[in-house]
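[1] turn this into a structure:
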Amino acid sequence: MDDTLKLAELPIPLSWSTPPAAWYRIDTGLRIEAGPVTDLFADPSGNTPTLNAPRLQGPVGAGDFQLSARVTVGFGGTYDAGALLVWADRNHWAKLCFELSPQGLPMIVSVVTRGRSDDANGFTVDGGSAWLRVSRLGPAYAFHASIDGLLWHFVRYFDLEGRPAELGFVAQSPTRQGCAVTFEHLSFWPERLADLRDGT
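    Numbers count the residues shown, from 1 in each chain. Below is the predicted model of the structure:
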């Protein structure tokens, strides 16, 4: 049986690397529900990595691209999040999150993992939705986030040591009993991002 999930907006065959508590197609995209105590994080202190957050991902092929989505999270606990994912292997991956901070503020957060995770906070967001974008530029990747889907704020520029990677979507709930994440208005362009820092 073919368990590949195809979304009309994306030229990427997707499948569940880690299954969710539940998922649904909606008119504007996709809804993923994370189960309790789920996360993607390899603690720099040396604790055992937690890689049990539901991941829907697939191969994107060669060439530059931009993938964006409006992400809405049903925040209930600290670090609840929805994220766009770049995944090479369990030791090399990165995620751009819309996440609830320990102070109870929705925030843009990025994590780049090369063996251990490098975790960096971005900016806070007023509300339960934000736009996230991942771009590939040759061997490198860029993360951007936006309040309105028009003006994009630079978040992170990195590489995964040249490893082939898949694109995907993540929902997580590290400290609570789960949360629901909606990914809407998905857009994919097989084009290089012209400028990292000019807001486009």
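[2] ok, now which ones touch the residue most central in space within the chain?
    In the chain, the C-alpha nearest the mean C-alpha coordinate belongs to residue 84, at 1.6 Å (C-alpha atoms, centre = their mean). Each residue near residue 84 by C-beta atoms under 8 Å, 6 or more residues apart in numbering is listed here: 67, 69, 71, 95-96, 132-134, 143, 167-170. (C-beta placed from N, C-alpha, C; glycine too.)
[3] and what of residue 119?
    Residue 119 makes contact with 41, 44, 109-111, according to C-beta under 8 Å, 6+ apart.
[4] out of those, who's nearest residue 54?
    When those are compared for distance to residue 54 (C-beta to C-beta), residue 41 wins out at 14.4 Å.
[5] pretty sure that closest one sits against residue 50.
    Yes: taking contacts as C-beta atoms under 8 Å, residue 41 lies within contact range of residue 50: 5.4 Å.
[6] compute the first-to-last residue distance for stretch 74-91.
    Using C-alpha to C-alpha, to the nearest Å, one end of stretch 74-91 lies 29 Å from the other.
[7] cool, stretch 99-113 as well?
    End-to-end distance of stretch 99-113: 17 Å, with C-alpha to C-alpha as the criterion.
[8] kindly report the same for stretch 25-32.
    Per C-alpha to C-alpha, stretch 25-32 runs 9 Å from first to last residue.
[9] and if you look at stretch 57-76?
    End-to-end distance for stretch 57-76: 25 Å, by C-alpha to C-alpha.
[10] let's number from 850 now, not from 1
    That works, and once the first residue is 850, the last one we named lands at stretch 906-925.
[11] pLDDT of it, averaged?
    Averaged across stretch 906-925, the pLDDT comes to 96.
[12] give me the contact list for the helix or strand hosting residue 1029.
    Element membership for residue 1029 (DSSP states H and E) is strand 1028-1038. Contacting residues not belonging to strand 1028-1038 are listed as 856, 858-861, 875, 877-883, 914-926, 929-931, 998, 1018, 1020-1022 [C-beta under 8 Å, 6+ apart].
[13] hmm, back to that, residue 890 and residue 899 - which one has more neighbours?
    Between residue 890 and residue 899, residue 890 has the larger neighbour count (other C-beta atoms under 10 Å), namely 19 against 16.
[14] now for the closest residue to residue 859 other than its chain neighbours, how many residues are close by?
    Spatial nearest neighbour of residue 859, excluding adjacent residues (C-beta to C-beta, 6 or more residues apart in numbering): residue 1037 at 5.1 Å. As a burial measure, residue 1037 scores 17 neighbours (other C-beta under 10 Å).
[15] and the strand holding residue 1029, what's buried?
    Buried residues in strand 1028-1038, counted by 16 or more other C-beta atoms under 10 Å: 1028-1033, 1035, 1037.
[16] which stretches of the protein have low pLDDT?
    Confidence mapping of the chain against pLDDT under 70 gives the ranges 850-851.
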